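Visitor: pasting the sequence and the predicted model now:
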Amino acid sequence: MVATGGGDCPGLNAVIRAVVKRAAQERDWEVVGGIQSFDGILSEPTEIRVLDEHAVSGIHVQGGTIIGTTNKGGPFAWPIRQADGTWTTVDRSDEMLRKLQFLGIDAVISVGGDGSQRISQALFEKGLNIIGVPKTIDNDLSSTDFTFGFQTAVQIATEAVDKLVTTAASHNRVLVLEVMGRNAGWIALHAAIAGGAEVCLIPEIPYDIAKVQERLEKRFNRGKGHAIVVIAEGAMPRGGEITSAKSDEIGYQNLRLGGVAHKLVHDLKTRGFEADMRETVLGHLQRGGIPVAYDRVLATQFGVKAFEMVLEERFGEMVAYRHPNIISVPLVEAVMQPNLVDPEGSLVSTARGVGISFGV
Ligand code: F6P
C-alpha cells in the first residue's frame with residue numbers, strides 16, 4: 001500500500017506512479033493507495049484504491065496526490081468528539097495494524113515529511129513492514145540532500161520575486177515576499193539568491209530590525225530606489241519569537257506560521273522608515289501546480305527505490321538522496337534532527353558574496 005501524508009507537495013503523484021510501474025515488473029504484486037493517508041484504513045467502510053498502470057498513467061505531471069493526504073490526526077492521535085462536544089484523541093494504531101493484516105497488505109510505502117515519518121517509525125516499532133519516502137517543500141529532512149517538491153517551491157518563489165521586481169522598480173517601493181518553509185529558511189534563501197533580493201530573513205539567523213532598516217535606507221538615496229525582501233515564515237527578530245497561531249482545526253497539531261511580512265513592514269514603519277512598502281504572502285501557491293522536472297525525476301527515483309526496498313525487505317528505512325546515489329537510511333536516524341540552513345554554510349556565504357543582507 002502507498003500512503004501520502006502531510007501537506008501536499010509537487011511530486012507525490014510521480015512517486016505513486018513510479019511505485020506502481022516498478023511493481024508491475026514483478027509477478028504477484030498489487031499496489032493499492034490508502035485514501036487520505038492512513039485515515040482510509042481506519043474509515044468505515046475502508047477507503048483504499050487499486051492502483052494499476054492505467055490508474056497512474058500520466059499522473060507524474062500533476063501536482064497534489066491522487067489518493068489524497070492529511071496533516072491532521074493519524075493512527076496514534078485520532079480525533080474523537082466526546083459527549084460534552086469537546087474533542088480528544090485516541091490511539092487507533094493497533095486497530096489499524098489488524099485492519100492492514102486483514103486486507104492482506106504486505107508492506108506500506110509511506111510518503112511524507114518529518115511528522116509522517118515519525119508515525120512510520122512508530123508503526124515499524126509495532127511490527128509494520130514500512131518504508132519511508134521523504135517529501136516536503138521545506139527541504140527540512142536530514143539524511144537526504146533534497147526532498148522532492150522543494151525545487152518546485154523555489155521556482156514558484158523565484159518567479160514571484162521576478163514579478164515583484166517590476167512593481168518595486170516602477171513605484172520605488174520595498175516589496176516584501178513571505179515564503180513557506182516552517183523552521184527552515186531554504187526556500188527563502190534559494191529564492192533570494194535566484195531572484196536577486198536585497199534582504200533575506202530566515203529562522204536560522206534572527207534579524208536585527210535596525211540593520212534591515214539601515215540596508216534598505218541605503219537603497220533609497222534621496223527617496224529613489226527599490227528593494228525586494230524575502231522573508232521565511234519562520235523568521236524572527238533577535239530576542240523575539242516566531243509569528244504563529246494555534247489552529248482551531250480538529251486534529252491539527254502544528255502551529256500555523258505566517259504574518260512575518262506584515263510584522264516586518266509594520267515594525268519598519270514604526271521605526272520611521274519612509275519608503276512605500278507592500279507585502280505579499282505566497283502561501284499555498286508554493287505547493288500547487290505542476291512539479292518542475294527536477295522534482296519529477298527525484299520523486300520517480302524515490303518511488304522506484306522504495307519498491308525495490310520492499311522487495312529487499314528493508315523495512316524501517318527511508319529512501320534518501322545522497323548525490324549521486326539514491327540510498328536508504330534508518331527511519332529513526334532520518335527523523336532525529338531537522339535539516340536547517342547553516343548560518344556559516346556555503347549558501348549563506350554565496351548570498352553574502354552577492355551583497356544580500358541577513359539583517360545582522
Ligand atoms: O510543510 C509544508 C508547509 O507548506 C509549510 O511550509 C507550511 O508552514 C505548512 O506546510 C502549511 O500547512 P497547511 O497546509 O496545513 O496550512
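Guide: That came through fine.

Visitor: buried ones in the helix or strand containing Arg98?
Guide: Using DSSP states H and E, Arg98 sits in helix 93-102. Under the neighbour-count criterion of 16 or more other CB atoms under 10 Å, helix 93-102 has Ser93, Met96, Leu97, Lys99, Leu100 buried. In short, each C-beta sits where N, CA and C put it, glycine included.

Visitor: who in the protein is up against the ligand?
Guide: Gly7, Asn71, Gly113, Thr136, Ile137, Asp138, Met180, Gly181, Arg182, Glu233, Leu257, Arg287 (CB under 6 Å from any ligand atom).

Visitor: number of residues surrounding the fourth one?
Guide: Burial of Thr136, expressed as a neighbour count using other CB atoms under 10 Å, amounts to 28.

Visitor: got it, and Met309?
Guide: Using other CB under 10 Å, the number of residues around Met309 comes to 20.

Visitor: residue contacts, it?
Guide: Residues in contact with Met309 (CB atoms under 8 Å, 6 or more residues apart in numbering) are Ile131, Glu317, Val319, Ser328.

Visitor: picking that back up, of the residues of the chain next to the ligand, closest to the ligand?
Guide: Nearest to the ligand out of those is Met180 (CB to the nearest ligand atom; 3.2 Å).

Visitor: surely that closest one touches Ala153?
Guide: Yes: counting by CB atoms under 8 Å, Met180 touches Ala153, with 6.9 Å between them.

Visitor: where do the contact lists of the two overlap?
Guide: With contacts taken as CB under 8 Å, 6+ apart, Met180 and Ala153 have Ile137, Ile187, Gln286, Arg287 as neighbours in common.

Visitor: need these in a markdown table with distance to Ile59, neighbour count and secondary structure, can you?
Guide: Formatted as a markdown table, the shared contacts of Met180 and Ala153 follow (distance: CB to CB, whole Å; neighbours: other CB atoms under 10 Å; DSSP: H, G, I helix; E, B strand; the rest coil):
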| residue | distance to Ile59 | neighbour count | secondary structure |
| --- | --- | --- | --- |
| Ile137 | 19 | 31 | coil |
| Ile187 | 25 | 28 | helix |
| Gln286 | 20 | 25 | helix |
| Arg287 | 16 | 20 | helix |
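
Visitor: and the residues you listed, which two are furthest apart?
Guide: The most widely separated members of the shared contacts of Met180 and Ala153, counting by CB to CB, are Ile187 and Arg287 (10.7 Å).

Visitor: what do these two both touch?
Guide: Ile137, Ala153, Met180.

Visitor: leaving out sequence neighbours, find the closest residue to the first one.
Guide: Yep, that's Ile137 we're talking about. Ala153 (3.9 Å; CB to CB, 6 or more residues apart in numbering).

Visitor: which residues touch Val335?
Guide: Asp114, Gln117, Arg118, Gln121, Leu141.

Visitor: quick one: average pLDDT of stretch 250-260?
Guide: Stretch 250-260 carries an average pLDDT of 89.

Visitor: and the end-to-end length of it?
Guide: For stretch 250-260, the separation between the terminal residues is 25 Å (CA to CA, to the nearest Å).

Visitor: may I see the buried residues of that stretch?
Guide: Within stretch 250-260, the residues scored as buried using 16+ other CB under 10 Å are Gly251, Leu257, Gly258, Gly259, Val260.

Visitor: before we move on, what about stretch 289-297?
Guide: Neighbour-count burial for stretch 289-297 flags Pro291, Val292, Tyr294, Asp295, Arg296, Val297 (criterion: 16+ other CB under 10 Å).

Visitor: make CSV out of the residues you listed and add distance to Glu217.
Guide: What follows is these, written out as CSV (distance: CB to CB, whole Å):
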residue, distance to Glu217
Pro291, 40
Val292, 37
Tyr294, 38
Asp295, 39
Arg296, 44
Val297, 44
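
Visitor: how about a markdown table for those residues, with secondary structure and pLDDT added?
Guide: Shown next, in a markdown table, are the buried residues of stretch 289-297 (DSSP: H, G, I helix; E, B strand; the rest coil; pLDDT from 0 to 100):
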| residue | secondary structure | pLDDT |
| --- | --- | --- |
| Pro291 | coil | 98 |
| Val292 | coil | 98 |
| Tyr294 | helix | 98 |
| Asp295 | helix | 98 |
| Arg296 | helix | 98 |
| Val297 | helix | 98 |
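
Visitor: partner strands of the lowest-mean-pLDDT helix or strand in the chain and their direction?
Guide: The least trusted helix or strand in the chain, going by mean pLDDT, DSSP states H and E, turns out to be strand 244-246, with a mean of 86. Applying DSSP bridges to the sheet, strand 244-246 is found paired with strand 255-257 (antiparallel).

Visitor: still on that earlier bit, how about the contacts of Val335, which pair is most distant?
Guide: Gln121 and Leu141, at 12.8 Å, using CB to CB across these.

Visitor: okay, these two: which has more neighbours?
Guide: Ranked by neighbour count (other CB under 10 Å), Gln121 and Leu141 place Leu141 first, with 25 against 21.

Visitor: from Thr70, how far off is that one?
Guide: With distances taken as CB to CB, to the nearest Å, Leu141 is found 19 Å from Thr70.

Visitor: how about Ala168?
Guide: Distance, Ala168 to Thr70, by CB to CB: 38 Å.

Visitor: ok so, going back, just send the residues of the chain next to the ligand back as TSV, with secondary structure too.
Guide: Formatted as TSV, those follow (DSSP: H, G, I helix; E, B strand; the rest coil):
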residue	secondary structure
Gly7	coil
Asn71	coil
Gly113	coil
Thr136	coil
Ile137	coil
Asp138	coil
Met180	coil
Gly181	coil
Arg182	coil
Glu233	coil
Leu257	strand
Arg287	helix
